[in-house]
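*Asks:* 3D, please:
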Amino acid sequence: MILFLLYFICINIYGYILMGSDKNRAIKHLYRISEKKLWMIAILFGAIGMYAGMLSFRHKTKHTSFKYGLPILSILEIGIVLNFLFV
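*Replies:* Presented below is the predicted three-dimensional model:
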């Protein structure tokens with residue numbers, strides 16, 4: 001259980017950093033992080049960090065899939081984590 005919590009924290013920090021990095025790359029017109037990679041991190045329990053990054057960096061906020069998908073996925077992941085911890 002401790003390893004799962006450590007993984008959960010680390011993947012969300014990574015997701016947050018990834019959103020900031022992609023925003024920085026967008027501003028500088030550099031090679032971008034693919035949406036496929038962003039969604040993969042979100043699906044692997046990093047949606048909360050990515051959603052926080054989306055709001056903090058104002059990145060991907062006009063993309064409907066991110067605008068609605070990340071909050072929904074975050075709620076689902078919170079439910080799964082709480083279920084895992086308390087059942």
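*Asks:* the residue positioned nearest the centre of the chain: which element?
*Replies:* Centroid-nearest residue in the chain, with C-alpha atoms, centre = their mean: residue 50, separated by 2.4 Å. Assessed by DSSP states H and E, residue 50 sits inside helix 47-57.
*Asks:* show me what that helix is packed against.
*Replies:* Identification of packing neighbours for helix 47-57 by 3 or more C-beta pairs under 8 Å, 6 or more residues apart in numbering; DSSP states H and E yields helix 2-27, helix 64-86. Every residue, glycine included, has its C-beta placed from N, CA and C.
*Asks:* so of those, which one's packed in deepest?
*Replies:* helix 2-27 (a mean of 16; mean count of other C-beta atoms under 10 Å).
*Asks:* quick one: work out the angle between it and helix 64-86.
*Replies:* Helix 2-27 and helix 64-86 are oriented at 170 degrees to each other (axes from the mean of the first three to the mean of the last three C-alpha atoms, to 10 degrees).
*Asks:* who does helix 2-27 touch, helix- and strand-wise?
*Replies:* Packing partners of helix 2-27 (3+ C-beta pairs under 8 Å, 6+ apart): helix 35-41, helix 47-57, helix 64-86.
*Asks:* about what we covered before: so can I have JSON lines of the helices and strands packed on helix 47-57 showing distance to residue 37 and mean pLDDT?
*Replies:* Formatted as JSON lines, the helices and strands packed on helix 47-57 follow (distance: least, C-beta to C-beta, whole Å; pLDDT from 0 to 100):
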{"stretch": "helix 2-27", "distance to residue 37": "8", "mean pLDDT": "96"}
{"stretch": "helix 64-86", "distance to residue 37": "13", "mean pLDDT": "95"}
